[in-house]
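1. Quick check, what structure comes out for this input:
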Amino acid sequence: MDGRNPQRIQKHLEDETVQQRVRQNILRGREDLTVTIGRASELSGFSISQLRDWEKKGLLKPVRPELSDAKSATGQRQYPISELDKLAIIRELIDEGFPPGAIPPNIEEIWTSLQGSQSPTNINVSMPESRTSSEAGSNKYLPINKRMNMAYLDHFYWRFYASRALQLVLTLLAEDVLGTYSGLILPAKESYDRHIPDSSNLAEVGESLVGWLGQTRSFCTLLSPAPSFEYPSDFQILPLLAEGEQEAEDPTLVVVQRDEVSKLNLTRDVVETARCLLKPLYEDKWKWKKYFGEGMQDLINPGVDFTPRLPDRVLTHLTNIVVRLGGKNSDGEDRWRFCYILLPENQTLPLQQRSLVIRAMSRHVRHSVGVTTLTPEKYRTSLSVRAFQSGHIVYRQESSPEDTTLQFSEIEGPVRSNIAVPIGGETGEPLGVLYVTSYETNAFSPKDCRVLRIMTRMIEELLNGYNARKQLTRNLVDLIKDPETVDPSFREFWSENDFIRDIEGLLKDVQVRESYEAHGKVATTISADVSSLLIPDEISFIAVDIDHQDRIVRDYNEQMLRNLQKTIGQRIRDLLPALFTRYTDYKLYHIYGGRFYLFLRGFSLEKTKKNADRLKKALEGNVAFKQSDLLGSTYIIPDVSLHLAVTWYSYDKLKEFLETKQYQTIADVSSILYRTLDSVLKLGIDEGGNVIYGWDPETATFAAYRSDEFRK
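-> Presented below is the predicted three-dimensional model:
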């Protein structure tokens, strides 16, 4: 045995978290002071053959009672509490990768020495919540504030990351696998035989952290000692390998339903991103038991995807709760017969045009979830449609068979009173409607209305959570392809990062050419990003920004301003071919908000001024744009004005900047050019807008231009 093993083991057992886990294992072992080998196997998680083998090697010393012992007439081995303590320590070490042969026979002495005055039979272990009330008053419980801090500051963040990482990775891999089950399995033991198990012998991988995505996109994170399936033939297992890879970097397994493997997104970028997100989970695998171990610690992120027309279990459960809240009548029957939840089929339509679809329903009603639809045209008298459009509770305390609000009497039966309660809508558009019925008259009192409003708040929270999680996992592949672009609204324009890179690229080429010319050589190896030898004799910039954007938000809204900003950018782009003869002469960048920059090559200051003036005149005035793809959604914002800035630099001026000792790097010079353009644009804001300001570095002067020429 390696002589270093006792030191390594002692170092591992010094960890306070490890000690707590061992104490918990010891506590479970104390439930029986002396147990059979079968019970010891059950408590420790080791097989009987393992225990017998360790006994032969002297690691365990069970008691073999005399045959005369009435309690042990068979003479079966009995494990006293000290041996169960030792098994708890061995369990910890083997789980962390220590081979049994490395564990010394006196392991309990190492453990005891670390406990100070506490012996293995007198260890202070935090008791589980299920202990008796007489124990509840002991000081073994943590104070409430400490438990809260531990749960939030320690447990929550790791559980949150683990769950979200697994969910995002799985969604990324299985983005196109809709309406089916899929999962990720992270085996704790990376040393397991790397042959890929099939679905019938998956348990061979041993203890694993599992992320599981349901048909409705609900997600569960759990720890399984031996993962398996109820119906193994439904699933197929494969390693996390990118296309073209021969060997996986980690033991992660991907699970999909049969015939769905071809839909997995296993590009190299996706797999590399997945491995990066999963790496901390492997590094912290010793925490898996702490946060996802025994007890009800499975972490659920409820979600819903109505595409497969599957009922959502959480919403369905809430509808049954609503019926129970109505109470019983004198015959012991539910006073409220049934209820269902309706949600808009298409939220992009105007509110008055949205159809409502039944997405969840209680017992005693036979509608088809995801199919039964109330359109505003056909069911304009429906209580649900009226409640959704009005933002008020709508009810009938007594309905007759001729009541036009009852459209499904053949399915719903003899409804005598009904009520429709909007879900959400207090601070925005409603999310849906909760519809409840009764076979009795006057079934909905003011108290009932309040209860139903509370229930709609719960449903609203759930739906908002669904929408937020759906937004979180939307377009993940686009994120991989273009990580710099967060808002896709302005993806068609070059970005501020591109602007800085292009300026620095030009300056670098100037610097390289000067270096070659200084040594009497011809410049032949200049950056390919900026037209090699075609470095212009002069460059200029035009900055464009919309005036009074705060007023536009105040008069309209933030979305209207964003639509206006994008429209201005598109109009600038469309005007450029008429202003400049060659596409290589210019480049358009969206910086932020309504601010756009033009990088021009080979234009004099006077030419740039004239083009800025032409650009301003073409952009200002009434601006029309579409709010959506719906017919009649075009909107016009009148009297839009802009302020522009112009800066210009000769080739010699750029060389001068690069040779000035004050500017030590290309980034310093780039920053000067960028800040100057910003400063000139701000002069237009200070002027009140609707103006062009210019800066000439040769004369170091500013000029404001309103009509035909700049004036000082």
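2. so where do the helices sit in the stretch 251-400 of the chain?
-> Using DSSP state H, counting those that start in this stretch, the helices found in the stretch 251-400 of the chain span residues 268-283, 288-292, 313-325, 383-390.
3. which helices and strands does the biggest helix by length in the chain pack with?
-> Identified as the longest helix of the chain according to DSSP state H is helix 446-472. Helix 446-472 sits against helix 313-325, strand 417-424, strand 430-438, with contacts defined as 3 or more Cβ pairs under 8 Å, 6 or more residues apart in numbering; DSSP states H and E. In short, each C-beta sits where N, CA and C put it, glycine included.
4. Past that helix, which element shows up next along the chain?
-> Downstream of helix 446-472, the first helix or strand assigned by DSSP states H and E is helix 476-481.
5. and the helix or strand following that next one, what other elements does it pack with?
-> Next helix or strand after helix 476-481 toward the C-terminus (DSSP H and E): helix 496-518. Packing contacts for helix 496-518, counted by 3+ Cβ pairs under 8 Å, 6+ apart, involve strand 586-592, strand 595-601, helix 651-659, helix 666-686.
6. wait, residue 237 sits on residue 255?
-> Yes. Assessed by Cβ atoms under 8 Å, residue 237 is found in contact with residue 255 at 5.5 Å.
7. re the thing from before, mean pLDDT, distance to residue 356 and mean neighbour count added to the helices of the stretch 251-400 of the chain, as a markdown table?
-> Listed next are the helices of the stretch 251-400 of the chain as a markdown table, based on pLDDT from 0 to 100; distance: least, Cβ to Cβ, whole Å; neighbours: other Cβ atoms under 10 Å:
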| stretch | mean pLDDT | distance to residue 356 | mean neighbour count |
| --- | --- | --- | --- |
| helix 268-283 | 90 | 37 | 17 |
| helix 288-292 | 86 | 39 | 19 |
| helix 313-325 | 90 | 14 | 18 |
| helix 383-390 | 94 | 6 | 23 |
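8. Can you lay out those as a markdown table showing distance to residue 44?
-> A markdown table is the format used below for the helices of the stretch 251-400 of the chain (distance: least, Cβ to Cβ, whole Å):
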| stretch | distance to residue 44 |
| --- | --- |
| helix 268-283 | 25 |
| helix 288-292 | 14 |
| helix 313-325 | 37 |
| helix 383-390 | 58 |
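9. of these, which approaches residue 172 most closely?
-> Nearest of these to residue 172, taken as Cβ to Cβ: helix 268-283 at 5.7 Å.
10. who's in contact with that closest one?
-> With Cβ atoms under 8 Å, 6 or more residues apart in numbering as the contact definition, helix 268-283 has outside contacts at 161-162, 165-166, 168-169, 172-173, 184, 186, 190, 209, 240-245, 249-250, 252, 477, 480-481.
11. Model confidence score at the residue most central in space within the chain, please.
-> For the chain, the residue lying nearest the average C-alpha position, counting by Cα atoms, centre = their mean, turns out to be residue 472 (4.1 Å). pLDDT, residue 472: 84.
12. Which secondary structure element is home to the nearest residue to it once chain neighbours are set aside?
-> Of all residues not flanking residue 472 in the chain, residue 168 sits nearest, at 7.4 Å (Cβ to Cβ, 6 or more residues apart in numbering). When secondary structure is defined by DSSP H and E, residue 168 falls within helix 157-173.
13. Check the offset of that helix from the chain's centre.
-> Mean-position distance between helix 157-173 and its chain equals 7 Å (Cα atoms, centre = their mean, to the nearest Å).
14. what mean pLDDT does whichever helix or strand comes after that helix have?
-> Going down the chain from helix 157-173, the next helix or strand is strand 182-187, by DSSP H and E. Averaging pLDDT along strand 182-187 gives 94.
15. Paired strands for the next helix-or-strand element following strand 182-187, with orientation please.
-> Sequence order places strand 208-213 as the next helix or strand after strand 182-187, per DSSP H and E. Applying DSSP bridges to the sheet, strand 208-213 is found paired with strand 182-187 (antiparallel), strand 219-224 (antiparallel).
16. and among the ones you listed, the most buried is which?
-> Highest mean neighbour count among those (mean count of other Cβ atoms under 10 Å): strand 182-187, with a mean of 23.
17. what angle separates that one from helix 268-283?
-> In terms of direction (axes from the mean of the first three to the mean of the last three Cα atoms, to 10 degrees), strand 182-187 departs from helix 268-283 by 50 degrees.
18. rewinding a little: what about the strands paired with strand 208-213, which gets the closest to residue 108?
-> The nearest among those, by Cβ to Cβ, is strand 219-224 at 27.7 Å.
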